[in-house]
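Enquirer: task: produce atomic coordinates for the following.
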Amino acid sequence: MQELAPAIDDVVQFDGPAVSQRSVDDLGIGGMVGHFKRYEVRCCIGEGGMGRVYLAYDPMLRREVAVKVMRPDVPDTERRRFRREAIFGARFCHPSIVRIFDMGEHAGADGRPVEWFSMEYLPGSDLERVLGRASSHGALLPILSVVDIFRQVLSALHYAHECFVVHRDVKPANIYVTRDPNTRFLTTKLLDFGIALDLDGPAKTEVLCGNPFYMAPEQTIHGAAIDGRADVYAAGLSFYEALTGRHPLDDFRRSPVETVLSAQAKYVPPPPSRFLPPDTSSRVAQAVDMIFERACAKDPDERFQSAGDMREAMLVFLSPV
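Expert: Numbers count the residues shown, from 1 in each chain. Modelled structure (predicted):
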């Protein structure tokens, strides 16, 4: 009788690095290893209220990077957000989550320390700008392109949720469409874990974190428990927007924040199929409506229970026959 093959867990060491018995200690065990990292700053490629992003070059590893710099006078809440974005980006290892390489401080022009972190440079545009350009030409994105974008976004979210992290700020502005620098294939990256919730951390409930137009109903209730299904809801709203060129709550754009939050809990938007091109097949129209309805159910228990479930449904019902 053929002997059964061993389970992978039995032959791969997962509980830490193998310890060498060699007596030579080149690095000095117990000490610190470091070097002075240098980036050649080339130009400013983005600016916001809290800081700037620069294109830079890493001469040691011969690659372009983006360096995000925080203004020295920002409030402590934004400092925490900046550091959280860097820490989560460095912790994660997923092809659709932007990679963070390094973090440090630099003496600014006025002598005050300026915090920065370096990350992979992404030539391209965020989805919000992509949709804006399409709208200016009176066009919609091809459905298969939208499916490909959200296939990657939902994969990234599923990974983050498996790591017990809820993004809480999923929206087109944080979805970046770029090209792989080696293959030149179009790829999508999920950005900005600055207000992410670590479900393994001490604080499990917060309110009004994120953009009101992409917040799940439970995020608007003080003390409500938040989990990955809040990101599924935001992904559903973004999916609707990418397909139709309009936000499900467009009618509330000029409304007070309280009205928008109330709408998230009570308002039922028109089905996205109403705004698709007239030649859209009934199969695709019905699938789009079903996916949006499930993703954006007001009750979390009635939604897709994971980002992976939403991704699977999208691929099954919206991929070419």
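Enquirer: and for Val260, the neighbour number?
Expert: Burial of Val260 is recorded as 18 neighbouring residues (other CB atoms under 10 Å). Quick note: C-beta positions are derived from backbone N, CA and C, even for glycine.
Enquirer: same deal with the one 5 residues further on?
Expert: Ala265 has 14 neighbouring residues, counting by other CB under 10 Å.
Enquirer: that one touches Lys298, doesn't it?
Expert: Yes - contact criterion CB atoms under 8 Å: Ala265 and Lys298 qualify, at 6.3 Å.
Enquirer: list residues touching both of the two?
Expert: Pro217 (CB atoms under 8 Å, 6 or more residues apart in numbering).
Enquirer: any weak-confidence spans in the stretch 201-321 of the chain?
Expert: 202-208, 321 (pLDDT under 70).
Enquirer: try it again with 80
Expert: Along the stretch 201-321 of the chain, segments meeting pLDDT under 80 span 201-209, 222-223, 319-321.
Enquirer: can you map out the helices along it?
Expert: Under the criterion DSSP state H, counting those that start in this stretch, the stretch 201-321 of the chain contains helices at 229-244, 257-266, 282-295, 307-318.
Enquirer: so of those helices, which one's packed in deepest?
Expert: helix 229-244 (a mean of 26; mean count of other CB atoms under 10 Å).
Enquirer: convert the C-alpha atoms of that helix to PDB, please.
Expert: The C-alpha trace of helix 229-244 is given here as PDB (Å, rounded to 0.1, in the frame of the first residue of the first chain):
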ATOM      1  CA  ARG A 229     -19.000  43.900   5.500                       C
ATOM      2  CA  ALA A 230     -18.800  47.700   5.900                       C
ATOM      3  CA  ASP A 231     -16.100  47.600   3.200                       C
ATOM      4  CA  VAL A 232     -18.300  45.300   1.000                       C
ATOM      5  CA  TYR A 233     -21.000  48.100   1.200                       C
ATOM      6  CA  ALA A 234     -18.500  50.800   0.200                       C
ATOM      7  CA  ALA A 235     -17.300  48.600  -2.600                       C
ATOM      8  CA  GLY A 236     -20.800  48.100  -3.800                       C
ATOM      9  CA  LEU A 237     -21.400  51.900  -4.000                       C
ATOM     10  CA  SER A 238     -18.100  52.300  -5.800                       C
ATOM     11  CA  PHE A 239     -19.000  49.500  -8.200                       C
ATOM     12  CA  TYR A 240     -22.300  51.200  -9.000                       C
ATOM     13  CA  GLU A 241     -20.500  54.500  -9.600                       C
ATOM     14  CA  ALA A 242     -17.900  52.900 -11.900                       C
ATOM     15  CA  LEU A 243     -20.500  51.200 -14.000                       C
ATOM     16  CA  THR A 244     -23.000  54.100 -14.300                       C
END
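Enquirer: counting contacts, what elements does that helix pack onto?
Expert: With contacts taken as 3 or more CB pairs under 8 Å, 6 or more residues apart in numbering; DSSP states H and E, helix 229-244 sits against helix 127-136, helix 143-162, helix 282-295, helix 307-318.
Enquirer: tabulate the ones you listed (TSV), appending distance to Ala235.
Expert: Listed next are those as TSV, based on distance: least, CB to CB, whole Å:
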stretch	distance to Ala235
helix 127-136	12
helix 143-162	6
helix 282-295	6
helix 307-318	7
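Enquirer: for Asp25, find the nearest of the ones you listed.
Expert: Among the helices and strands packed on helix 229-244, the nearest to Asp25 by CB to CB is helix 143-162 (36.6 Å).
Enquirer: hang on, Ala297 packs against Arg303?
Expert: Yes - with contacts counted by CB under 8 Å, Ala297 reaches Arg303, the gap being 4.6 Å.
Enquirer: of the two, give the one with the bigger neighbour count.
Expert: Shown here are Ala297 and Arg303; by other CB under 10 Å, Arg303 has more neighbours (22 against 18).
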